[in-house]
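S.K.: My questions concern the predicted model and sequence given below.
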Amino acid sequence: MPTALITGATAGIGAAFAARLARDGRDLVLVARDGDRLEAAAARHREHGVSAQVLVADLATVEGRARVADRLADPAAPVDLLVNNAGATQRRPFLEADPALLQGQHDLNVTAVLQLTRAALPGMVQRGRGAVVNVASMLGFATGSRSTYTAEKAWVTVFTEGIAATLAGTGVRALVLCPGFVRTEFHERAGLDVGARRGLMWLDAERVVEECLADLARGKVVSVPSPQYKAFATLIDLLPRPLLRRLMAAVERGRR
């Protein structure tokens, strides 16, 4: 059976990917820090008749990344789809944030994506099939006071576009998923108050995953779920960068 490895697989977009892929008949390797939640998730997915391996790892650490990279590079158990979904942000702006926490966030959002993609791709290219989905954010197209997070997600987007070009003709694909606001645990974990999470700009994780997989099947490189966010991404492209910075600064001031 084709196998997918998903990081951050116990909640939000990662959990939605795991549920959809299990229904499609894919075997799973589920990665997260919480072993109990991983085991519970794996048990649910096995009800669809697929294998679900649990891999407990903190991707903000050297040891955790190495553990997952070793699994991705294992020729005896090939992974056909890697979903780099795990990510984090924090409430405090750059100048107020703890440097150690900033480094951990960077290692999770950037270093893990780099190292796991590098571990997975050689085997995929050798087999002539496979795909990598890297989860970024609409914020990667913009800017804001949470400059590290927006910069990290911008890096994921540009990195994936470059990888996709490198993979041309190999039978292997790369796609970056750039969602906007999604109803998950993400904001709560970061200590961010985002209100009732209702309205046009809030999406369900299941919808985000459905649109992402459809875009992957169509050969797209950048997936922006929903018409409203597609329009927003187009607007961002048209705005001069100085004006965009002023607008995002005004938004940030309004949230404080």
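M.R.: That came through fine.
S.K.: any idea how far the closest residue to Glu63 other than its chain neighbours lies from Ala136?
M.R.: Excluding its sequence neighbours, the residue lying closest to Glu63 (C-beta to C-beta, 6 or more residues apart in numbering) is Ala57, at 7.9 Å. Placement of C-beta: from N, CA and C, glycine included. Computed with C-beta to C-beta, to the nearest Å, the distance linking Ala57 and Ala136 is 21 Å.
S.K.: same deal with Gly169?
M.R.: Per C-beta to C-beta, Gly169 is found 25 Å from Ala136.
S.K.: Grab the nearest non-local neighbour of Thr111.
M.R.: Arg65 (6.9 Å).
S.K.: Backbone torsions only: list them for the residue nearest to Glu63.
M.R.: phi -160, psi 140 (degrees, to the nearest 10).
S.K.: got a list of what it touches?
M.R.: Applying C-beta atoms under 8 Å, 6 or more residues apart in numbering, we find Ala57 in contact with 31-33, 63-65, 67-68.
S.K.: Next, give me the two most distant ones among these.
M.R.: Ala32 and Glu63 (15.0 Å; C-beta to C-beta).
S.K.: So for those two, which sits in the more crowded spot?
M.R.: Ranked by neighbour count (other C-beta atoms under 10 Å), Ala32 and Glu63 place Ala32 first, with 24 against 8.
S.K.: what's across from the more buried one in the sheet?
M.R.: Beta-bridge pairing for Ala32 (DSSP bridges): Val56.
S.K.: Drop anything exposed from the contacts of Ala57.
M.R.: Buried members of those, counted by 16 or more other C-beta atoms under 10 Å: 31-33, 64-65, 67-68.
S.K.: Which one of those is nearest to Ala11?
M.R.: Ala32 (8.1 Å).
S.K.: Could I get the pLDDT score of that closest one?
M.R.: Here, the pLDDT recorded for Ala32 equals 97.
S.K.: how much space between it and Ala151?
M.R.: Applying C-beta to C-beta to Ala32 and Ala151 gives a distance of 25 Å.
S.K.: If anything else comes up later, I'll come back, but that's it for now.
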